[in-house]
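1. here is the input, now give the coordinates:
(chains A and B)
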Number of protein chains: 2
Amino acid sequence: MSVTATFTVTGMTCGHCVSSVTEELTELDGVTDVAVELDSGAVTVTSTRELSQAEVKAAITTAGYDLVG
Amino acid sequence: MSVTATFTVTGMTCGHCVSSVTEELTELDGVTDVAVELDSGAVTVTSTRELSQAEVKAAITTAGYDLVG
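-> Numbering: from 1, shown residues only, chains lettered A, B, ... in the order given. Below is the predicted model:
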């Protein structure tokens, strides 16, 4: 099973921010890929299970950014 | 001997950028303090000897940013 979900993250301003968000999301159980588009804030997460909004939000908050919605 | 010099660095957008610049400058021989103001790009370096523009520029370039002047 492979699930792809796209979220919007605000507050990322540079490649370091992208790395921080990528790192935190990669640590979630089952996540196999994270793609971040800095300009738009679009974050696409691929995983082997459906992720809850709560755990995605927690990871992004831990990285120091905000999840829209 | 304590020398304080202020430089202007462009391209820093967040705290991670400030950390990168601070780290690189701190590694220069004799540097005892680095203060970075993100908004203005002002970087104040305190050292036990006079630093050359070339070595400061090299450190900032290594961090991934540009020295003005």
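2. please count neighbours and contacts with C-alpha atoms only from this point.
-> Fine.
3. how about the residues of chain A by chain B?
-> In this structure, chain A approaches chain B at residues A:13-14, A:16-17, judged by C-alpha under 8 Å from any C-alpha of the partner chain.
4. if we go to 10 Å?
-> Within chain A, the positions near chain B by C-alpha under 10 Å from any C-alpha of the partner chain are A:11-17, A:20.
5. which one of those is nearest residue A:4?
-> Checking these against residue A:4 by C-alpha to C-alpha gives residue A:20 as the nearest, at 19.8 Å.
6. what comes up buried for stretch A:23-30?
-> When neighbours are counted by 16 or more other C-alpha atoms under 10 Å in any protein chain shown, the buried residues of stretch A:23-30 are found to be A:24-26.
7. could I get the phi/psi values of residue A:21?
-> phi -70, psi -40 (degrees, to the nearest 10).
8. what sits against the nearest residue to residue A:10 once chain neighbours are set aside?
-> With C-alpha to C-alpha, 6 or more residues apart in numbering or on different chains as the criterion, residue A:10 has its nearest non-adjacent residue at 5.3 Å, and that residue is residue A:66. When the contact criterion is C-alpha atoms under 10 Å, 6 or more residues apart in numbering or on different chains, the partners of residue A:66 are A:8-12, A:57-60.
9. now swap in residue A:8 and tell me
-> Neighbouring residues of residue A:8 by C-alpha under 10 Å, 6+ apart: A:36-37, A:40-44, A:66-69.
10. and those as TSV, adding secondary structure, pLDDT and distance to residue B:30?
-> Shown next, in TSV, are the contacts of residue A:8 (DSSP: H, G, I helix; E, B strand; the rest coil; pLDDT from 0 to 100; distance: C-alpha to C-alpha, whole Å):
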residue	secondary structure	pLDDT	distance to residue B:30
A:36	strand	96	39
A:37	strand	96	40
A:40	coil	96	42
A:41	coil	96	40
A:42	strand	97	43
A:43	strand	97	42
A:44	strand	96	45
A:66	strand	96	40
A:67	strand	96	43
A:68	coil	94	45
A:69	coil	75	49
